[in-house]
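S.K.: Make a model of this:
(chains A, B and C)
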Amino acid sequence: MPAKKQYWLMKSEPSVFSIDDLKVCKMTCWDGVRNYQARNFMRDEMKRGDGVLFYHSNAQPSGIAGLAKVVQEAYPDYTAFDPKDVHYDPKSNPGKPTWYMVDVKYIKTCHSIISLERLRKIAGLKNMLLLRHGRLSVQPVTPEEWKMILSLSEWD
DNA sequence: GCCAACGTTGGC
DNA sequence: GCCAACGTTGGC
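M.R.: Next up, the predicted model:
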C-alpha cells in the first residue's frame, strides 16, 4: 500500500523561475533552499507523487500560480559546493551535505494567479502556514487546504 | 545559553 | 525602495 499522498507549497520568484519556465522545461531540480526548516521538509518528508502548489513570491500579485508534483526525492544540492553559484555555501561539505533538493514536474497552470490577498479572505484557509509564517519557502499544505485551493481556479 | 547585531525574505 | 518579521551568527 503506497504512502498517503502529501501536499506542499513551494515558493519561487517568477523573475528568477516562474510556472511558465517550469512548463517549458517540464521538470526542474528545486535548488537553492538555504533554510533548515524548508530543508527538513524536502529531505525528510517529501515523497514521490506528492502534490505541490507553485507559489510566486515578490510578484505582482504574489500568489499561487500552478501545480507541480514531486518526481525525485531528496538528494544533495550540488549548487552549495560551487563557488561560482549564487547559492554557494562555503561551510557545506560534499562528504556530509547540508543542503538538499527534490525534483518537481510541471502539471498545470492557474487560469489566473490566486493572489495572496484572495487567499487571506477565505475562512477555511485562516490557519494556512503561508498566511501565518510568511517567510517559509517550502511548507506543508493540508489535504483540506489543497482541495479548497484547487476549487478556486480553472486550470490550464 | 543569552541576546545584540546583522542578513534575508517577501509584502507592499 | 522600504521595512517588518524572523533566521543566523558570534561575543561573552
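
S.K.: which ones are touching the residue nearest to residue A:89 when sequence neighbours are not counted?
M.R.: In space, and not counting its chain neighbours, residue A:89 is closest to residue A:80: 4.4 Å by Cβ to Cβ, 6 or more residues apart in numbering. Backbone N, C-alpha and C define where each C-beta goes, glycine included. By Cβ atoms under 8 Å, 6 or more residues apart in numbering, the contact set of residue A:80 is A:34, A:87-89, A:92, A:97-99.

S.K.: What count of nearby residues applies to the residue of chain A found nearest DNA strand B?
M.R.: Residue nearest to DNA strand B within chain A: residue A:62 (3.4 Å; Cβ to the nearest atom of the strand). Using other Cβ atoms under 10 Å, residue A:62 is surrounded by 19 other residues.

S.K.: Same check on residue A:151?
M.R.: Residue A:151 is flanked by 7 other residues according to other Cβ under 10 Å.

S.K.: Residue of chain A nearest DNA strand C, please.
M.R.: Counting by Cβ to the nearest atom of the strand, chain A gets nearest to DNA strand C through residue A:36 (4.2 Å).

S.K.: ok so, going back, okay, the residue nearest to residue A:89: pLDDT?
M.R.: Note on residue A:80: pLDDT of 94.

S.K.: how about stretch A:87-94, does it get close to DNA strand B?
M.R.: No - using Cβ under 7 Å from any atom of the strand, stretch A:87-94 never reaches DNA strand B; the gap is at least 8.8 Å.

S.K.: So which bits of chain A are right by DNA strand C?
M.R.: Applying Cβ under 7 Å from any atom of the strand, we find that chain A lies next to DNA strand C at A:35-37, A:91, A:133-136.

S.K.: For chain A, which segments count as helices?
M.R.: Using DSSP state H, the helices of chain A run over A:19-25, A:36-40, A:116-120, A:129-132, A:143-150.

S.K.: Could you export the ones you listed as a markdown table, including mean neighbour count and mean pLDDT?
M.R.: Shown next, in a markdown table, are the helices of chain A (neighbours: other Cβ atoms under 10 Å; pLDDT from 0 to 100):
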| stretch | mean neighbour count | mean pLDDT |
| --- | --- | --- |
| helix A:19-25 | 15 | 97 |
| helix A:36-40 | 15 | 96 |
| helix A:116-120 | 15 | 96 |
| helix A:129-132 | 14 | 94 |
| helix A:143-150 | 16 | 96 |
